[in-house]
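Chemist: What shape does this take:
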Amino acid sequence: MKRFFGVTLGVTALVAGLTGGARATGAAPGEGVVWGACPGVRAGAAVECATVKVPLDHSRPGGPTISLALNRIKGSASHDHAGGLGVLLVNPGGPGASGVQLARYVAAALPKDVASRYDVVGFDPRGVGASEPALSCADPKKHFAAPRLDQVPRNEAAQASLMARARRYADACGVRYPSVLPHMTTENSARDMDAIRHALGEQKVSYLGYSYGTYLGAVYATLFPHRVRRLVLDSVVDPHDVWYDANVAQDYAFDRRHRAFLAWVARYHDAYRLGRTEREVTTAWYAMRARLGDRPAGLVGASELDDIYTVGGYSNAIWPQLANAFSSYMRKNRANELEAAYRQHVEHDAAAENSYAVYLAVQCRDAEWPRDWARWHADTVQINARAPFMAWPNAWYNAPCAFWPEKGGTPVRVGGVAHLPPILLVQSRHDAATPYPGALRVRNRFPSSRLLVEGGGNHGVSLGGNACVDRHLAAYLRDGSLPGGGAAQNPGRRPDAACDTGPDPRPLPPIVSGGGHMRLSQAILGD
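Modeler: Next up is the predicted model:
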């Protein structure tokens, strides 16, 4: 999907700046892990780093290897015979997101009595971040140079240019990584996780995964059910739809979430003066998009605008910032706040391009994609007529899969295995990135799972500030207890337990410091 199946706000917004590099001395599978200091982290810090070598091709364990970067925050009682629970692996999603960035946050956010019983271990999946090789298929300053061509093509020539851009990226990845791309699959990443478990000397591991990380965790549980101690899947990917249909489902879900944002803006007409109804604000938003498509404002053209406001689909925490930028541009013809939002939430650097390369490498290889552009075009035109917010942007984000040098394979059939422990699923009801039906399907695939639903629409729920959800998470990680009891109570579309969501944000007043104007984003996110 646009951006990626990962926690981009909430949890990972809070972990920014917490991580050090994750390269240290390495270990081959079965040889144990040698932990050492993390580059850039002060001596004596609680976090340690290491690398683990895994087979590039797990069907050839004696063949070429790649290295995975790990970090660990060791619990004081993690291996205590009286109550230690061993290793908790964490993954924030993607595919393409760094797990080492999440581990320190999780260790700090869990209640102390829970965190002390686990070694929280993060890892950069194959191709990501400090793992080697780390994929990169283009210079981000060139490929993502803003303002880009409008992603909603106005004519055949524009569509041809966008298609050529997608093909160039796919071709470049194929030229750079011909031996790696065939093995960039979720199944191989799950097998990497088991190689990490083995290298750590653990009989079983626990796992907390967000977004795409829920799919990775579900595949791991399917392949290695006897190796799972606890399994938390937060913001659940539908395994039935990977990946073309999943992106179509997101088009409609993000459009609904964007309309919720526009309705929220209308509710606060006195603050933003963009319209008193959702329809009026919708008209204003698409007028802004059309104007920026004709005359970009600095870095922000129509495509960058799409990128900025897609972030609002993940979390309503930035709705006041986005609404303020919207109002400032439409009412005062000032684009400085749009540019500030772009730089804060979107601007592409080398890490973002690495994430994008891995995202495509995994999703294009995991499953079959249409190879005939006529199918993409017809579907996108149809979707755009009903859900225009992200139909074309999402199509172009994924378009390299139409030209990917490695054809998609057959995904693992998730679920249908015995001997799994109780599993906790966490989901927000109106999540756009991983729509609610996916969580229902995963609950059906794993009979030992129970579904906890939060009533809002933000992506990535646990450890994000909802005390009710966090109590259930802590109880499960502590002793395996599930919300809703031990037996399945609510078949169909109902959750097994529910938590209330917090209130929607409210507009913030202008902030004046020393006679000057402070960016609204400073008040919201503290930058």
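Chemist: from here on, contacts and neighbour counts on C-alpha atoms
Modeler: Noted.
Chemist: where exactly do the helices run in the stretch 251-400 of the chain?
Modeler: 269-272, 278-294, 302-311, 319-332, 336-345, 350-366, 373-386, 391-398 (DSSP state H, counting those that start in this stretch).
Chemist: Mind giving me the packing neighbours of the next helix or strand after the last one?
Modeler: Tracing the chain past helix 391-398, the next element assigned as helix or strand by DSSP states H and E is strand 423-428. When contacts are defined as 3 or more CA pairs under 8 Å, 6 or more residues apart in numbering; DSSP states H and E, strand 423-428 sits against strand 228-234, helix 436-445, strand 449-454.
Chemist: could these be laid out in a markdown table, adding mean pLDDT and mean neighbour count?
Modeler: Listed next are these as a markdown table, based on pLDDT from 0 to 100; neighbours: other CA atoms under 10 Å:
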| stretch | mean pLDDT | mean neighbour count |
| --- | --- | --- |
| strand 228-234 | 98 | 25 |
| helix 436-445 | 97 | 21 |
| strand 449-454 | 97 | 26 |
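Chemist: which residues does E353 contact?
Modeler: By CA atoms under 8 Å, 6 or more residues apart in numbering, E353 lies in contact with S136, C137, A138, D139, P140.
Chemist: Likewise for M193?
Modeler: M193 neighbours (CA under 8 Å, 6+ apart): Y220.
Chemist: Provide the secondary structure category for it.
Modeler: helix (DSSP: H, G, I helix; E, B strand; the rest coil).
Chemist: Checking Y476 next. Helix, strand or coil?
Modeler: Applying three-state DSSP: Y476 is helix.
Chemist: What sits closest to it if chain neighbours are left out?
Modeler: Distance criterion CA to CA, 6 or more residues apart in numbering; nearest residue to Y476, sequence neighbours excluded, is L482 at 5.9 Å.
Chemist: And the strands in the stretch 1-150 of the chain?
Modeler: Using DSSP state E, counting those that start in this stretch, the strands of the stretch 1-150 of the chain run over 5-6, 26-27, 47-55, 65-73, 87-91, 93-94, 119-123.
Chemist: of the contacts of E353, buried ones?
Modeler: Neighbour-count burial (16 or more other CA atoms under 10 Å) applied to the contacts of E353 gives S136, C137, A138, P140.
Chemist: Just the ones of those residues in helices?
Modeler: P140 (DSSP state H).
Chemist: Put together a markdown table for the buried ones among the contacts of E353, with pLDDT on each row.
Modeler: A markdown table is the format used below for the buried ones among the contacts of E353 (pLDDT from 0 to 100):
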| residue | pLDDT |
| --- | --- |
| S136 | 98 |
| C137 | 98 |
| A138 | 97 |
| P140 | 95 |
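Chemist: tell me which of the buried ones among the contacts of E353 is nearest to L425?
Modeler: S136 (33.2 Å; CA to CA).
Chemist: Wait, the closest one touches D349, no?
Modeler: No - S136 is not in contact with D349 according to CA atoms under 8 Å; the separation is 11.2 Å.
Chemist: okay, the helices and strands packed on strand 423-428 in a markdown table with distance to R60 next?
Modeler: Shown next, in a markdown table, are these (distance: least, CA to CA, whole Å):
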| stretch | distance to R60 |
| --- | --- |
| strand 228-234 | 24 |
| helix 436-445 | 30 |
| strand 449-454 | 34 |
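Chemist: among these, which is nearest A45?
Modeler: strand 228-234 (27.2 Å).
Chemist: So which elements touch the closest one?
Modeler: strand 205-210, helix 212-223, strand 423-428.
Chemist: hang on, the earlier thing: A297 is nearest to which of the helices and strands packed on strand 423-428?
Modeler: helix 436-445 (36.7 Å).
Chemist: can you list the residues that contact that closest one?
Modeler: By CA under 8 Å, 6+ apart, the list of residues contacting helix 436-445 reads 235-239, 414-416, 425, 427-430, 449-451, 492-493.
Chemist: Now, of these, which are buried?
Modeler: 235-239, 414-415, 425, 427-430, 449-451.
Chemist: Identify, from those, the entry nearest to N316.
Modeler: Using CA to CA, the buried ones among the contacts of helix 436-445 come closest to N316 at H430, 11.6 Å.
Chemist: Check that closest one and give its pLDDT.
Modeler: Per-residue confidence (pLDDT) for H430: 97.
Chemist: For it, give me its contacts.
Modeler: For H430, the contact set (CA under 8 Å, 6+ apart) comprises A253, R257, Y436, G455, G456, G457, N458.
Chemist: make it 10 Å
Modeler: 253-254, 256-257, 313, 436, 453-459 (CA atoms under 10 Å, 6 or more residues apart in numbering).
Chemist: If you rank those residues by neighbours, which is first?
Modeler: Neighbour counts for the contacts of H430 (other CA atoms under 10 Å) peak at H459, which has 32 neighbours.
Chemist: wait, isn't it in contact with S211?
Modeler: Yes - between H459 and S211 there is a contact under CA atoms under 10 Å: 7.8 Å.
Chemist: low-confidence ranges in the protein?
Modeler: 1-31, 43-44, 485-491, 510-527 (pLDDT under 70).
Chemist: In stretch 121-134, which residues are buried?
Modeler: In terms of neighbour count (16+ other CA under 10 Å), stretch 121-134 has its buried residues at 121-132, 134.
Chemist: what does stretch 246-261 give?
Modeler: 246-261.
Chemist: Pull that stretch out as CSV, backbone CA atoms only.
Modeler: Listed in CSV are the C-alpha atoms of stretch 246-261, where the atom choice follows Å, rounded to 0.1, in the frame of the first residue of the first chain:
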residue,chain,number,x,y,z
ALA,A,246,-5.0,-6.5,0.0
ASN,A,247,-4.0,-3.2,-1.6
VAL,A,248,-7.4,-3.0,-3.3
ALA,A,249,-9.1,-3.4,0.1
GLN,A,250,-6.8,-0.7,1.5
ASP,A,251,-7.9,1.7,-1.3
TYR,A,252,-11.5,1.6,0.0
ALA,A,253,-10.5,1.6,3.7
PHE,A,254,-8.2,4.6,3.4
ASP,A,255,-10.8,6.5,1.5
ARG,A,256,-13.2,5.9,4.4
ARG,A,257,-10.6,7.0,6.9
HIS,A,258,-9.8,10.1,4.8
ARG,A,259,-13.5,11.0,4.8
ALA,A,260,-13.6,10.7,8.6
PHE,A,261,-10.7,13.2,8.7
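Chemist: Quick check: Y286 touching R259?
Modeler: No - contact criterion CA under 10 Å: Y286 and R259 do not qualify, at 11.9 Å.
Chemist: what residues are shared contacts of these two?
Modeler: In contact with both Y286 and R259: F389, using CA under 10 Å, 6+ apart.
Chemist: Tabulate the contacts of E353 (a markdown table), appending distance to S78.
Modeler: What follows is the contacts of E353, written out as a markdown table (distance: CA to CA, whole Å):
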| residue | distance to S78 |
| --- | --- |
| S136 | 37 |
| C137 | 40 |
| A138 | 42 |
| D139 | 43 |
| P140 | 41 |
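Chemist: quick one: R167 is in a helix?
Modeler: Yes - when three-state DSSP is applied, R167 is found to be in a helix.
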